[in-house]
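Asker: When you get a sec, could you give me coordinates for this:
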Amino acid sequence: MPEFESPSKWTPSLVHKSIDPVLLNDRRVTISEEMQEAIRLDKRVARAEERRRGNSGFFPDEWVRLEIRRTDEWAEKLVNAWIEIWEIQGRVQCHALFSAIFDWELAQLFSTRMSCFQRESERLETTTRQAGRFAGARGLLAMEMGKLRSKWHRKLNVAAREGMYKLIRARQAPLGAQPATISPVVSPQPKSAPATTNAKVRPKKRLNYRSDVKLAIQMELVRASGATNLEICQAIDSNGNAELPRNWQLKPSDREFEKAYRDNRTRPRIEKMISKVRRDMRDVHLLPKR
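Answerer: Numbering: from 1, shown residues only. Model (predicted):
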């Protein structure tokens with residue numbers, strides 16, 4: 001893989017700039033037309049059911065339920081479109097890809113659907129002269145859309161972690177093949193006279209962190225090997241991959257890694273852990289030696 005294609009070099013912003021805009025916009029238009037038609041049909045069916053039941057309170061809550069269901073489907077289609085286009089361009093899935101999908105696609109989708117619901121519900125209140133009829137539905141949608149947003153943030157974070165481990169395995173794979181490329185090709189030795197060597201064979205070390213904080217630090221160093229300690233702390237805050245350890249908190253309400261790092265009282269503890277992870281990653285050749 002060429003150096004510029006290394007997944008660790010990608011950032012969400014660079015992914016957003018690099019994905020093919022023509023292909024992406026084509027997928028967006030196709031998906032939008034499909035989902036808008038499905039939403040229009042849902043609303044017609046829900047209104048017909050309200051008339052059949054003779055219950056004027058049925059439609060608002062049912063509209064919210066259908067809106068959340070369709071937005072969830074919409075989000076899944078957009079995620080698949082991004083991944084498909086990224087792979088068409090000959091690139092591998094990575095942490096930055098999933099962060100870019102959420103930041104530049106799904107966050108905007110959730111916000112847009114909320115705005116559309118609010119405008120449409122207010123329009124219906126005006127045309128039917130039923131002020132406030134959908135006020136409860138708007139509140140319910142805000143709550144349910146928040147849950148949906150959290151669900152997709154969690155799903156993409158898991159996918160990003162899986163991508164990180166794939167990258168780690170990809171980087172470890174050449175390590176096992178290295179002796180074959182460096183050593184000359186020789187005929188196999190007879191069993192009675194095995195080849196000898198003075199080199200001491202060391203077992204290959206693997207990282208197997210149980211700590212969420214160490215895993216989060218490792219993830220950021222895999223994504224951007226040259227990141228500074230401060231940038232690592234900022235990325236962990238942004239991605240939400242770990243909670244701030246208690247012994248790094250000055251107050252029970254402290255949650256931010258960046259804030260803890262900027263404080264001289266807790267910075268040495270953070271620097272010590274990040275240095276430990278860097279050293280471990282160099283030992284297994286996941287980071288270049290100094």
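
Asker: what bits of the chain have low per-residue confidence?
Answerer: Low-confidence segments of the chain (pLDDT under 70): 1-9, 163, 166-206, 239-241, 290.

Asker: Domain map for it?
Answerer: 3-173, 212-283 (automatic domain parsing).

Asker: so how far is residue 19 from residue 108?
Answerer: Using CB to CB, to the nearest Å, residue 108 is found at 15 Å from residue 19. All C-beta atoms are positioned from the backbone trio N, CA, C, and that covers glycine.

Asker: Looking at these two, which has the bigger crowd around it?
Answerer: Between residue 108 and residue 19, counted using other CB atoms under 10 Å, the more crowded position is residue 19 (20 against 12).

Asker: That one contacts residue 89, doesn't it?
Answerer: Yes. The criterion here is CB atoms under 8 Å, and residue 19 meets it with residue 89 at 7.2 Å.

Asker: will you turn the domains of the chain into CSV that also has distance to residue 289?
Answerer: Formatted as CSV, the domains of the chain follow (distance: least, CB to CB, whole Å):
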stretch, distance to residue 289
domain 3-173, 14
domain 212-283, 6
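
Asker: Could you check how many residues crowd around residue 34?
Answerer: Counted with other CB under 10 Å, residues neighbouring residue 34 total 13.

Asker: excluding its backbone neighbours, what's nearest it?
Answerer: With CB to CB, 6 or more residues apart in numbering as the criterion, residue 34 has its nearest non-adjacent residue at 7.8 Å, and that residue is residue 77.

Asker: show me what contacts that neighbour?
Answerer: When contacts are counted by CB atoms under 8 Å, 6 or more residues apart in numbering, residue 77 touches 31, 34-35.

Asker: residue boundaries of the helices in the chain?
Answerer: Ranges of helices within the chain are 12-18, 21-53, 58-88, 95-101, 107-127, 135-182, 212-223, 229-239, 257-262, 267-283, based on DSSP state H.

Asker: can you redo those helices as JSON lines with distance to residue 249?
Answerer: Listed next are those as JSON lines, based on distance: least, CB to CB, whole Å:
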{"stretch": "helix 12-18", "distance to residue 249": "28"}
{"stretch": "helix 21-53", "distance to residue 249": "42"}
{"stretch": "helix 58-88", "distance to residue 249": "34"}
{"stretch": "helix 95-101", "distance to residue 249": "26"}
{"stretch": "helix 107-127", "distance to residue 249": "29"}
{"stretch": "helix 135-182", "distance to residue 249": "23"}
{"stretch": "helix 212-223", "distance to residue 249": "13"}
{"stretch": "helix 229-239", "distance to residue 249": "14"}
{"stretch": "helix 257-262", "distance to residue 249": "7"}
{"stretch": "helix 267-283", "distance to residue 249": "11"}
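
Asker: highest average neighbour count across the ones you listed?
Answerer: When the helices of the chain are scored by mean count of other CB atoms under 10 Å, the highest mean neighbour count falls to helix 95-101 (a mean of 26).

Asker: residues in contact with it?
Answerer: Outside helix 95-101, the residues that touch it by CB under 8 Å, 6+ apart are 7, 10-16, 19, 78-79, 82-83, 86, 156-157, 159-161, 163-164, 219, 222-223, 239.

Asker: Just to check, residue 234 is in contact with residue 260?
Answerer: No. Taking contacts as CB under 8 Å, residue 234 lies outside contact range of residue 260: 11.6 Å.

Asker: Now the common contact residues for these two.
Answerer: Overlap of the contact sets of residue 234 and residue 260 (by CB under 8 Å, 6+ apart) is empty.

Asker: Pull up the gap between residue 233 and residue 242, please.
Answerer: Computed with CB to CB, the distance linking residue 233 and residue 242 is 10 Å.

Asker: what is in contact with those two at once?
Answerer: Contact criterion CB under 8 Å, 6+ apart; residues bridging residue 233 and residue 242 by contacting each: residue 257.

Asker: just so I know, which of the helices of the chain lies nearest residue 247?
Answerer: helix 267-283 (6.8 Å; CB to CB).

Asker: The closest one vs helix 229-239, what angle?
Answerer: Calculated by axes from the mean of the first three to the mean of the last three CA atoms, to 10 degrees, helix 267-283 forms an angle of 90 degrees with helix 229-239.

Asker: other SSEs contacting helix 267-283?
Answerer: The helices and strands touching helix 267-283, judged by 3 or more CB pairs under 8 Å, 6 or more residues apart in numbering; DSSP states H and E, are helix 212-223, helix 229-239, helix 257-262.

Asker: can you tell which of those is closest to residue 50?
Answerer: The closest of the helices and strands packed on helix 267-283 to residue 50 is helix 229-239. By CB to CB, the value is 42.9 Å.
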